[in-house]
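# Pasting the sequence and the predicted model now:
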Amino acid sequence: MKLVEKNNIRLEIYKKLFDTFYASLCLFSSKYTNNLESSKDIVQEVFIKIWNEQIELTENENTKAFLYTAVRNKSLDFIKKKEFRSKTRLDPNSLNMLVSQTYFEKQVLIEETSRLVSQAINTLPYKCKRIINLSLKGLGNKQISEELCISLNTVKTQKRIAYQKLRPLLKGACALIFSVLS
């Protein structure tokens, strides 16, 4: 009975980690591979290896670092393969840049910040979330009001509400950015 409970708990943790990090890890990997489909395969391989080798993971910073490092290493293995090199002309300087710790840290920062912002936006009420997402796509207030068939004042009000709700949620993202930049 205890083995079944342990496996269920492990599956729940594994699923939560997968759901939380899959998209970010795919985008992170694609910074190395320039190929989203290959990046999806790479991330899936990492999660399969974790599952098959029964690596115990919890929801903490070490797990996040482990996942990003594992995906980075798999991505670097992918770009070092002969078949990738034959299709893509990757000069030695570019490869050295991709292998550098600075590049790795910068890409992790970008993906983690993006993930935190997305999570925060998803907590907003539907109307606020929709307006903020359109704004992030580059639409101005007038374009948003026309697209959603609402008044310009409604757009401004909803944005103000969204910013008030996002500000406390995104303090962690700001702290993350400042800690890496310092």
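Arrived safely. As the structure is a prediction and not an experimental result, all values here were calculated from the model.

# got any ranges where this structure has weak pLDDT?
Along the chain, the parts satisfying pLDDT under 70 run over 1-7, 58-61, 82-101, 104, 172-182.

# For residue 56, pull up the helix or strand it's in.
Following DSSP states H and E, one finds residue 56 outside all helices and strands.

# just checking, what packs against the longest helix anywhere in the chain?
When the chain is parsed with DSSP state H, its longest helix is helix 2-33. Contacts defined by 3 or more CB pairs under 8 Å, 6 or more residues apart in numbering; DSSP states H and E place helix 2-33 against helix 36-52, helix 61-80, helix 101-122. From N, CA and C alone the C-beta is placed, and that goes for glycine too.

# Export these as CSV, with columns for mean neighbour count.
Listed next are the helices and strands packed on helix 2-33 as CSV, based on neighbours: other CB atoms under 10 Å:
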stretch, mean neighbour count
helix 36-52, 16
helix 61-80, 17
helix 101-122, 16
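
# Compare those helices and give me the one nearest residue 24.
Residue 24 lies closest, by CB to CB, to one member of these: helix 101-122, at 4.5 Å.

# now the spatially most central residue of the chain: how far from residue 35?
With distances taken as CA atoms, centre = their mean, the residue of the chain nearest its centroid is residue 24 (2.1 Å). Distance of residue 24 to residue 35, computed by CB to CB, to the nearest Å: 17 Å.

# ok, back up a step: correct me, but the residue nearest to the centre of the chain touches residue 116?
No. Residue 24 lies out of contact with residue 116 (CB atoms under 8 Å); the separation is 9.7 Å.

# quick revisit: what about the helices and strands packed on helix 2-33, which gets the closest to residue 137?
Per CB to CB, nearest to residue 137 of the helices and strands packed on helix 2-33: helix 101-122, 12.2 Å.

# now for the closest one, which elements pack on it?
Using 3+ CB pairs under 8 Å, 6+ apart, helix 101-122 sits against helix 2-33, helix 61-80, helix 126-136, helix 152-169, helix 171-181.
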